[in-house]
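Peer 1: I need the structure of the sequence given here:
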Amino acid sequence: MIFKKIDSDPIRIRAHHLLCMQGFQGLGYDDEFTQRMGEIITFLELDPSQIVEIITETDEICRLCPNLIGKQCVNDHCYKIKKMDVCVINNSNLKENSTITFERALKIVNHDLKLEEIKIICENCVWADKCLFYIKRIDL
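Peer 2: This is a model prediction of the structure:
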């Protein structure tokens, strides 16, 4: 399965996924989720001028998450994930439901998010100790 963009609509990306995408090490909830995340990251890295819509709900990466039934999260994990998205938006110049190039979105989060905010956003992530984004900023 290769991620392909089939229309001119922006790619919907959760705000906190902008951090995850920079530190991704091939870990995920299961093989399907991990493969999809890797494909989307590759697609956007090959053309960082792609337009993304910054959201705080299920996105293109979440579509294969085993914590979803339909488009709804099935446990309290999803509440924590939404909190991460909101924290990214509240502490950066990103706006919910705005469209922006992938490259610009990364520049904004990398410039705007301070160490303490990153710690709060990423503190409960099960992959934090393997995430290059987190490790580089926290100096574990």
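
Peer 1: name the nearest residue to the residue positioned nearest the centre of the chain, sequence neighbours excluded.
Peer 2: Central residue of the chain (C-alpha atoms, centre = their mean): His17, 0.6 Å from the mean position. In space, not counting the residues next to it along the chain, His17 is nearest to Ile61; the distance is 5.5 Å by C-beta to C-beta, 6 or more residues apart in numbering. For glycine as for every other residue, the C-beta is placed from the backbone atoms N, C-alpha and C.

Peer 1: what about that neighbour, how many residues nearby?
Peer 2: Summarising burial for Ile61: neighbours were counted as other C-beta atoms under 10 Å, giving 24.

Peer 1: measure it to Phe43 for me?
Peer 2: Distance, Ile61 to Phe43, using C-beta to C-beta, to the nearest Å: 11 Å.

Peer 1: for this structure, which segments count as strands?
Peer 2: Per DSSP state E, the chain carries strands over the ranges 11-14, 51-55, 68-69, 72-73, 99-101.

Peer 1: closest one to Gln22 among those strands?
Peer 2: When these are compared by C-beta to C-beta, strand 11-14 sits nearest Gln22, at 12.2 Å.

Peer 1: what about the closest one, distance to the chain center?
Peer 2: If you compare the mean C-alpha spot of strand 11-14 with that of the full chain, they lie 8 Å apart, counting by C-alpha atoms, centre = their mean, to the nearest Å.
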